[in-house]
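[1] Dropping a prediction and its sequence here:
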Amino acid sequence: MLTIGIVMGGYSGESVVSLKSGEYIYSLIDQNKYKNVFNIHILNDGWNVVIDDIKYPINKEDFSFILNDKKINFDVLVNTIHGTPGEDGILQAYWELLNIPYTGCYFYNSALTFNKKDTLAVLSKYGVAMAKSFYLNKGDEINSHDIITNIGLPCFVKPNQSGSSLGVSKVKAIEELPKAIEDAFKEDHSILIESFLDGKEVSVGVMKYKGKIVVVGTTEIKTDNDFFDYEAKYLGASEEITPANLTSVEEKNIRDAAKHIYKCLNMNGFSRLDFIIMNNTPYFLEINTNPGCSPASIFPQQVRYAGYNFSELLDNEISQAIENSKK
């Protein structure tokens, strides 16, 4: 009988969202099939298995814990951490060293896709449409005039490695740029400044299901905020329309683009890819390799609309994790 750990939390501002995702996954996993299922909290204050609010420390030497004087090792880990250290490859590399199968993509692909600049650089070789971008490291000389001349207004300033729109600003005037850059550097030591794309914002759920790349669904994002920021994502300040209201051409193009990108980046597991559609062309924004999986999150919305059984999808993820560990 397999022992499953559902890993949640993380060290970033996304940890609260991740805890909700992990609890939702725990509620849906087939506990008739997997009778030994444990919630694992990876947080700044420690690594613990949590059972009825009692914490059992994780032994970092082999990622085990002690329950009733018995050592428990995990057969498979279901990774639901958003942000570092579970979406940037750090934990995945550690688990590979310990030979513990885990869900989602490999550690290298996690690290690559968490770095927006590197992801865009790779995809530029595959003909993927995307916004113009400008890259800065903390300490670089900043010439606002040169940046705006190159990128234009309005534009977006965002941390290179961050999620949930933390540290992201929409800049409408050159005078706003220094403050936006300062805010982005609070989240990361490197940032991206991207040109504004005026079109439909659409999120596409993609997964590998029974060995094949499958588009789960499309969701159009509408918000009265300047963009799909943290408030819009998690505090109800947006309208999420599933399936997205697209023409047949837009639907085909964005599904083809999402599958193409997922394949080019050698993904595994659940992913959410964000696009802006202009003139029938989907412009790629970013990929989330551990998308939110709380009841209100976009990916579960798409799963429900598409008619999939989420418990069966989790079973597929666990089986795939075991298979991938043998390669």
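    On my side now, so go ahead.
[2] how about the strands in the stretch 1-150 of the chain?
    With DSSP state E, counting those that start in this stretch as the definition, the stretch 1-150 of the chain shows strands at residue ranges 3-9, 36-43, 46-51, 54-57, 65-67, 70-72, 76-79, 133-137.
[3] got the buried residues for the fifth one?
    Along strand 65-67, these residues count as buried under the neighbour rule (16 or more other CB atoms under 10 Å): F65. Glycine gets a C-beta too; all of them are placed from N, C-alpha and C.
[4] distance of the residue nearest to A93 when sequence neighbours are not counted from E87?
    Nearest non-adjacent residue to A93, counting by CB to CB, 6 or more residues apart in numbering: F107, 4.0 Å away. Applying CB to CB, to the nearest Å, the value for F107 to E87 is 11 Å.
[5] just to revisit the earlier point, which one, of the strands of the stretch 1-150 of the chain, ends up nearest to N245?
    In terms of CB to CB, the element of the strands of the stretch 1-150 of the chain nearest to N245 is strand 133-137, at 28.1 Å.
[6] roughly how far out does the closest one sit from the chain middle?
    21 Å (CA atoms, centre = their mean, to the nearest Å).
[7] Next: stretch 146-166.
    Using CA atoms, centre = their mean, the offset of stretch 146-166 from its chain centre is 19 Å.
[8] Return it as PDB; C-alpha atoms alone will do.
    The C-alpha trace of stretch 146-166 is given here as PDB (Å, rounded to 0.1, in the frame of the first residue of the first chain):
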ATOM      1  CA  ASP A 146      15.700  54.300 -22.700                       C
ATOM      2  CA  ILE A 147      13.400  51.600 -21.300                       C
ATOM      3  CA  ILE A 148      10.200  53.400 -22.300                       C
ATOM      4  CA  THR A 149      11.600  54.200 -25.700                       C
ATOM      5  CA  ASN A 150      12.300  50.500 -26.200                       C
ATOM      6  CA  ILE A 151       9.200  49.000 -24.600                       C
ATOM      7  CA  GLY A 152       6.600  51.800 -24.800                       C
ATOM      8  CA  LEU A 153       3.700  52.800 -22.600                       C
ATOM      9  CA  PRO A 154       1.800  51.400 -20.900                       C
ATOM     10  CA  CYS A 155       4.100  48.600 -19.800                       C
ATOM     11  CA  PHE A 156       4.300  45.900 -17.100                       C
ATOM     12  CA  VAL A 157       7.100  45.600 -14.500                       C
ATOM     13  CA  LYS A 158       7.300  42.200 -12.800                       C
ATOM     14  CA  PRO A 159       9.700  40.100 -10.700                       C
ATOM     15  CA  ASN A 160      11.600  37.600 -12.800                       C
ATOM     16  CA  GLN A 161      10.900  34.800 -10.400                       C
ATOM     17  CA  SER A 162       7.600  35.200  -8.500                       C
ATOM     18  CA  GLY A 163       4.000  34.100  -8.800                       C
ATOM     19  CA  SER A 164       0.500  35.200  -8.000                       C
ATOM     20  CA  SER A 165       1.300  38.700  -9.500                       C
ATOM     21  CA  LEU A 166       3.300  39.600  -6.400                       C
END
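[9] which sections of the stretch 201-327 of the chain are below the confidence cut-off?
    For the stretch 201-327 of the chain, applying pLDDT under 70 flags the ranges 225-237.
[10] circling back: do you know how far the residue nearest to A93 is from V122?
    In terms of CB to CB, F107 sits 16 Å off from V122.
[11] and if you look at E240?
    29 Å.
[12] Check the burial of the residue nearest to A93 by counting its neighbours.
    19 (other CB atoms under 10 Å).
[13] Which one's more surrounded, E240 and V122?
    Taking other CB under 10 Å, E240 and V122 do not tie; E240 has more neighbours (19 against 16).
[14] Wait, E194 touches I151, no?
    Yes: under the criterion of CB atoms under 8 Å, E194 makes contact with I151 at 7.0 Å.
[15] before we move on, the earlier item: in JSON lines: the strands of the stretch 1-150 of the chain, plus mean pLDDT and distance to S325.
    Shown next, in JSON lines, are the strands of the stretch 1-150 of the chain (pLDDT from 0 to 100; distance: least, CB to CB, whole Å):
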{"stretch": "strand 3-9", "mean pLDDT": "98", "distance to S325": "14"}
{"stretch": "strand 36-43", "mean pLDDT": "98", "distance to S325": "18"}
{"stretch": "strand 46-51", "mean pLDDT": "98", "distance to S325": "21"}
{"stretch": "strand 54-57", "mean pLDDT": "98", "distance to S325": "25"}
{"stretch": "strand 65-67", "mean pLDDT": "98", "distance to S325": "21"}
{"stretch": "strand 70-72", "mean pLDDT": "97", "distance to S325": "19"}
{"stretch": "strand 76-79", "mean pLDDT": "98", "distance to S325": "9"}
{"stretch": "strand 133-137", "mean pLDDT": "93", "distance to S325": "35"}
